[in-house]
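Chemist: Curious how this folds, go ahead:
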Amino acid sequence: MSTTSSPQSRDAERRGSAKQASLVRELLLIVGVALVLSILVRTFLAQAFYVPSSSMENTLLVQDRILVSKLTTQIGGVHRGEIVVFTDPGGWLPATEPVGGVAGTVRDALMWIGLLPSDTGEDLVKRVIGVGGDHIVCCDAKNRIVLNGVSLVEPYLKPGDGTAQVRFDITVPADRFFVMGDNRGDSSDSRFHLDVASGTVPQANIVGRVVAVIWPMSRWSGEPIPATFENPKLDASPLGRPAGGSGDGSPRPPDSTG
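Modeler: Below you'll find the predicted structure:
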């Protein structure tokens, strides 16, 4: 015996189908808005990165997740003592093979959206030691970096080889930055690229300032500018700064790049 649905039951079915369709549309809208917001945040405000190497130990460890503020750099510029992420100015990093296949495509898409920390193999993280016009010398009698006539006390350096792997005397060109790793004995930084613009990084290559370690949670911390860079004598204009810069001595290549 066949059964026929009543008008009331058919109306209830239609209302149920309409509610399901409405829920799907709302979920798609929420996901779409979230993705757009994530892309906007990544593009203009902040971006997460993996630490690629040991060059910033013990301040940053390999595979730490760091938060990089792009807005801070865009509004306030780049300052001495800040840790910055920047794209390779050319020849600082070895060529890397991109991850292929579906896994590589998905990974790249998630990094582009901002749902995964960036790990493209094209970025470096270092500390800014000098800005345009600064005179930097390595080193004084105690093997300390001399910035505008002031010997820097750098408690953030990893104990070990010190900072005198390369002797140099340079003036930072305008709109460029001289950068060094906190692990001086294992950092392929500005000291090892003195033949091009005194080893400095152009403003256009600066991605942003590292403001915090966000993962793992046991290392959750901010990254303020060290007190040594707050010395007002650093902003003085010492006499006899050289007009240009060039390195001297024989560099001892570090064990790793990045």
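Chemist: Show me where the stretch 51-200 of the chain has its helices.
Modeler: Counting by DSSP state H, counting those that start in this stretch, one finds helices in the stretch 51-200 of the chain at the ranges 70-76, 101-113.
Chemist: Confidence-wise, which of those is weakest overall?
Modeler: Ranked by mean pLDDT, these end with helix 101-113 in last place, scoring a mean of 61.
Chemist: Distance-wise, check residue 71 relative to residue 48.
Modeler: When Cβ to Cβ, to the nearest Å is the yardstick, residue 71 and residue 48 sit 15 Å from each other. C-beta: built from backbone N, CA, C; applies to glycine.
Chemist: in the stretch 1-150 of the chain, what spans have low per-residue confidence?
Modeler: Low-confidence segments of the stretch 1-150 of the chain, defined by pLDDT under 70, are located at 1-19, 31-32, 34-44, 95-121.
Chemist: For it, which segments are assigned as strands?
Modeler: With DSSP state E, counting those that start in this stretch, the ranges of strands along the stretch 1-150 of the chain come out as 46-50, 65-69, 83-87, 123-130, 135-138, 145-147, 150-151.
Chemist: Tell me which of residue 71 and residue 48 has more neighbours.
Modeler: In this comparison of residue 71 against residue 48, neighbours counted by other Cβ atoms under 10 Å, the higher total goes to residue 48 at 19 against 13.
Chemist: my read: the more buried one touches residue 68, true?
Modeler: Yes: counting by Cβ atoms under 8 Å, residue 48 sits close enough to residue 68 to count as a contact (7.3 Å).
Chemist: contact partners of stretch 221-234?
Modeler: Contacts with stretch 221-234, where a contact means Cβ atoms under 8 Å, 6 or more residues apart in numbering, come from 59, 66, 79-83, 134, 147-150, 152-156, 210-213.
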